[in-house]
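# Quick check, what structure comes out for this input:
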Amino acid sequence: EEEIEPKFKYQRLENDLKTILNADVVTCTAVHSKFIILGTFRGHVHLLDHQGNSVDSNLNNNVSHTHQVAVNHIDVDPKGEYVATCSDDGRVNITGLFICENSNNLSFGKCVKAVALDPDPRARVRRFIVGNEKLILYEKNILKKLKAVELCAVEGNVLAICWQGNFVAWASHLGVRVYDLNEKCSLGLMKWEMPLQTRLENFRCHLRWANEHTLLIGWVDTIRICIIRKRNAIEASSKNLPVYVVDPISTFQTSFYICGLAPMNVSQLVVLGYRKQRSETFKALRPVFCVIEYNLNSSEEICTDSLTLRGFEEYTVNDYSLECILEENRYYIIAPKDIVVASLIETDDRVEWLIKHSKFEEAIDLTSTHSGTMSVLGVGRLYINHLLTKREYENAAKICLRFLGNNKALWEEEVFKFVKCQQLRSVSAYLPTSESCKLDPHVYEMVLYEFLKFDVCGFLNLIKEWPCQLYDGLAVINAIHDNFRKQNAKELLESLALLYSYQGDYESALRMYLKLQNKDVFELIRRYELYNVISKLIIPLIDLDRELSFKILLDKKKIKPEIVVNQLEQNPKYLYWYLDSLLKVDSNNEFQKRLPFLYAKYDREKLLSFLRHSRKYDIQDAYVICEHDGFYPEMVYLLGRMGGVKAAEALNIIIHNMNNIEMAIEFCKEHDDNVLWNSLIDESLKRPDKLTTILNGILDYVNPAVLLNKIKSGFAVPNLRNALTTMLCHYNLQENMLSTAHKMQLDDYFDTNSNIVFLQRRGLLVSYDQFCHQCHRAVLTNNSAYHPLVGFKCGHIYHKWCIPSTNLYCKECTSIIGL
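Below you'll find the model as predicted:
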């Protein structure tokens with residue numbers, strides 16, 4: 001079961017008190033803010049300080065202030081100058097602790113159970129009340145003689161008295177009364193329920209004023225809270241009734257017998273209780289000290305502590321008592337052989353208890369809202385130690401982040417605690433890495449070394465996440481080399497790549513990435529513009545990713561093609577890929593002369609297209625390559641480009657090696673050379689099956705009669721009839737086309753001529769507002785002789801003498817002459 005946080009802390013009084021109790025027994029006590037006064041079974045009265053040390057006073061120096069038997073009751077005036085004691089020896093002593101003035105010794109010859117001094121600080125013990133068979137008020141007159149006034153009749157004997165202001169509460173054998181000193185009357189009797197199998201007077205009645213008008217009564221196992229109030233108008237209308245009335249506002253029973261009570265706050269009491277049950281050996285159980293919260297006729301125990309007092313098993317309910325100093329929330333638990341002080345637990349005590357019971361979050365909340373000697377940071381550091389002890393390393397790391405803030409010294413101190421546990425990995429995610437709180441590089445290096453040893457993936461993540469300025473990169477690189485493990489090669493190589501790049505050693509970083517086959521190498525090259533570095537790493541880059549490599553290599557601004565070509569000399573296929581791609585972005589590059597050989601070796605389909613479109617290669621070298629590999633179409637094209645005899649050689653290849661008459665015909669058409677046509681015709685005569693094909697192909701290029709005349713009589717030509725028919729149809733078609741074209745040309749000529757003649761003969765309007773564009777004078781004037789004019793189709797007019805007779809064009813717009 002979870003232990004409940006205590007409300008009180010307990011301290012046993014020792015020192016001189018211990019000596020007193022070894023020889024005597026406490027029967028009653030009075031507590032003042034300055035001291036404690038004990039009455040003992042032997043009739044002695046002792047003055048002690050709050051630590052239990054004896055204090056020299058008149059009580060020690062005068063035997064007349066002691067009693068012959070047990071002291072029944074002690075009361076102290078508010079100023080702490082006088083003390084009143086009573087006993088079964090019938091005596092009442094009023095003693096000045098340090099002065100003899102106003103001291104009195106009264107003898108009644110009867111048992112006196114209660115005495116009370118005037119609570120008014122100004123009274124200076126002028127009045128006091130004694131209770132035996134009567135309730136008597138003693139008051140000094142002007143002559144300083146005591147005058148006794150009987151206040152009230154008593155049912156039996158006065159068992160207890162408690163005086164506050166003008167009200168005196170006292171208990172008798174029947175119940176409790178409150179006497180009004182101003183009204184000089186009793187406010188009534190509150191009868192008490194008689195206990196079973198015993199008498200009411202066998203239990204001490206415990207009276208306590210919580211304030212001027214609130215009375216607390218605890219007797220047997222019942223507690224009653226009473227308010228002294230003025231009667232209302234209706235109540236006051238009755239005659240012969242006191243102004244004040246005692247109004248019980250709450251009455252409730254407890255599970256134990258009451259040994260004393262005191263107020264704690266508005267609705268809570270502190271109660272000392274004697275358990276009704278007995279132990280298995282029929283001895284008394286430990287007394288209880290509890291806080292009770294009360295409402296109307298109900299109550300609830302907030303907390304209950306069992307007290308281990310010396311000799312508790314032998315005590316009865318009347319052997320205990322409770323005193324208090326309300327201003328200090330301090331309560332004195334009195335037993336015959338022991339005195340224990342219960343104090344409301346303070347912030348420091350609560351924090352200490354919470355820490356002791358591992359309730360650190362509650363302790364942190366408490367220290368943050370209440371001032372105390374321990375700071376929130378102090379509790380937080382103890383919390384870290386606790387979590388480390390419990391091996392909750394992750395939670396301990398979170399607490400570090402929560403409380404250490406930007407305190408570099410504290411961080412370094414706490415981190416070394418994780419070092420001892422080999423749990424730097426747990427705190428790594430929470431270490432400060434900002435410029436405002438950067439720890440010693442050695443701290444970060446220790447974390448990295450631990451990750452390197454136990455968690456290589458975590459090591460790589462830290463290298464990625466942490467700024468490289470936090471630690472010595474070269475030291476970490478050396479540590480990797482010293483602890484390199486093949487099973488973690490991938491992570492370690494990537495870590496080396498990152499560390500080398502942080503150090504500016506980009507070539508080493510690139511080599512690590514290339515060993516990893518990690519495509520991040522390309523991003524590294526672009527980010528840091530490492531184009532000079534990659535000149536010796538071109539082949540590995542292409543091995544890694546040809547497309548990404550060529551995006552870099554094909555940019556001449558980043559790396560020159562001659563560098564790439566030089567590096568790729570040892571790998572023809574890579575050279576072919578590069579030059580083929582380079583051709584697409586730069587059709588005028590100087591390395592095209594290498595492509596015929598590379599196309600012939602790796603991609604012949606592109607060879608002929610390249611030969612046709614490029615002029616940056618050596619034709620003779622290309623022909624040798626094609627001839628070596630028997631690439632006839634390419635050879636034909638190259639020989640055709642050479643022209644002359646080489647063209648005839650190309651035709652010969654087409655006819656004899658490629659056996660492609662159609663291609664031969666197209667070749668002849670392309671070059672349109674009579675020698676080639678004659679060679680083709682001569683070859684066709686040797687191959688009658690191809691003769692008709694050639695006959696159809698030479699139309700529009702060679703006169704068919706040339707071929708037909710060479711055909712010998714009786715020479716069998718397959719499909720000759722169809723070929724001749726086609727040839728004649730083609731001839732007729734050509735003739736018709738020429739005739740039609742000629743007719744259209746003539747018609748167009750005559751139409752155009754008619755239009756020109758018409759336009760030349762058409763008149764041109766000349767008005768008076770027009771002027772000559774040469775002399776800028778009007779071309780027409782009134783009453784003037786006739787002036788010949790020259791007009792152009794553009795509309796400009798000139799005087800005839802303003803332009804040369806040989807000039808047929810307008811000077812303004814070069815339009816041809818019109819008039």
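# What ranges does the stretch 1-150 of the chain have for its strands?
Counting by DSSP state E, counting those that start in this stretch, one finds strands in the stretch 1-150 of the chain at the ranges 8-12, 26-31, 36-40, 45-48, 71-76, 82-87, 91-96, 104-107, 114-117, 127-131, 134-140, 146-153.
# Please apply the same query to the stretch 701-819 of the chain.
Listed from the start of the chain, the stretch 701-819 of the chain has strands (DSSP E, counting those that start in this stretch) covering 789-791, 797-799.
# Packing partners of the last one?
With contacts defined as 3 or more Cβ pairs under 8 Å, 6 or more residues apart in numbering; DSSP states H and E, strand 797-799 has these neighbours: strand 789-791. Just so you know, the C-beta spots here come from the backbone N, C-alpha and C atoms, and that holds for glycine as well.
# Buried residues in whichever strand or helix holds Ser549, which are they?
Under the criterion of DSSP states H and E, Ser549 resides in helix 546-553. By neighbour count, and taking 16 or more other Cβ atoms under 10 Å as the criterion, the buried residues in helix 546-553 are 548-550, 552-553.
# Which two of those residues have the greatest separation?
The largest separation in those, counting by Cβ to Cβ, is between Leu548 and Leu553 at 9.8 Å.
# Next, show the common contact partners of these two.
The contact sets of Leu548 and Leu553 overlap at Leu541 (Cβ atoms under 8 Å, 6 or more residues apart in numbering).
# Pass me the low-pLDDT residue ranges in this protein, would you?
In the predicted model, the chain carries pLDDT under 70 at residues 1-2, 63-64, 125, 239, 685, 687-721, 723, 783-786, 807, 814-819.
# longest single helix anywhere in it?
The helix that spans the most residues within the chain, counting by DSSP state H, is helix 720-761.
# ok, back up a step: dump the strands of the stretch 701-819 of the chain to JSON lines, plus mean neighbour count and distance to Phe758.
As requested, the strands of the stretch 701-819 of the chain are arranged in JSON lines below (neighbours: other Cβ atoms under 10 Å; distance: least, Cβ to Cβ, whole Å):
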{"stretch": "strand 789-791", "mean neighbour count": "20", "distance to Phe758": "16"}
{"stretch": "strand 797-799", "mean neighbour count": "21", "distance to Phe758": "21"}
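# Next, format those as CSV and append distance to Val76.
Supplementary listing: the strands of the stretch 701-819 of the chain in CSV, determined by distance: least, Cβ to Cβ, whole Å:
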stretch, distance to Val76
strand 789-791, 148
strand 797-799, 146
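# How many neighbouring residues does Met744 have?
For Met744, the neighbour count with other Cβ atoms under 10 Å is 10.
# ok, now the one 4 residues further on?
The burial metric for Asp748, expressed as a neighbour count using other Cβ under 10 Å, is 10.
# Then Gly131?
For Gly131, the number of neighbouring residues by other Cβ under 10 Å comes to 27.
# The closest residue to it other than its chain neighbours: what's it in contact with?
With Cβ to Cβ, 6 or more residues apart in numbering as the measure, Val158 is the residue that lies nearest to Gly131, at 2.6 Å, once sequence neighbours are left out. Taking Cβ under 8 Å, 6+ apart, we find Val158 in contact with 113-114, 131-135, 170-172.
# ok, now His386?
358, 360.
# Report the backbone C-alpha coordinates of whichever strand or helix holds it in PDB.
With the criterion set as DSSP H and E, the secondary-structure element containing His386 is helix 376-389. The C-alpha trace of helix 376-389 is given here as PDB (Å, rounded to 0.1, in the frame of the first residue of the first chain):
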ATOM      1  CA  VAL A 376      14.000  23.000  -8.200                       C
ATOM      2  CA  LEU A 377      17.400  22.300  -9.800                       C
ATOM      3  CA  GLY A 378      18.600  20.500  -6.700                       C
ATOM      4  CA  VAL A 379      15.600  18.200  -6.700                       C
ATOM      5  CA  GLY A 380      16.000  17.700 -10.400                       C
ATOM      6  CA  ARG A 381      19.600  16.500 -10.000                       C
ATOM      7  CA  LEU A 382      18.500  14.100  -7.200                       C
ATOM      8  CA  TYR A 383      15.800  12.900  -9.600                       C
ATOM      9  CA  ILE A 384      18.500  12.200 -12.200                       C
ATOM     10  CA  ASN A 385      20.600  10.200  -9.700                       C
ATOM     11  CA  HIS A 386      17.500   8.200  -8.700                       C
ATOM     12  CA  LEU A 387      16.600   7.300 -12.300                       C
ATOM     13  CA  LEU A 388      20.200   6.300 -13.100                       C
ATOM     14  CA  THR A 389      20.100   4.000 -10.000                       C
END
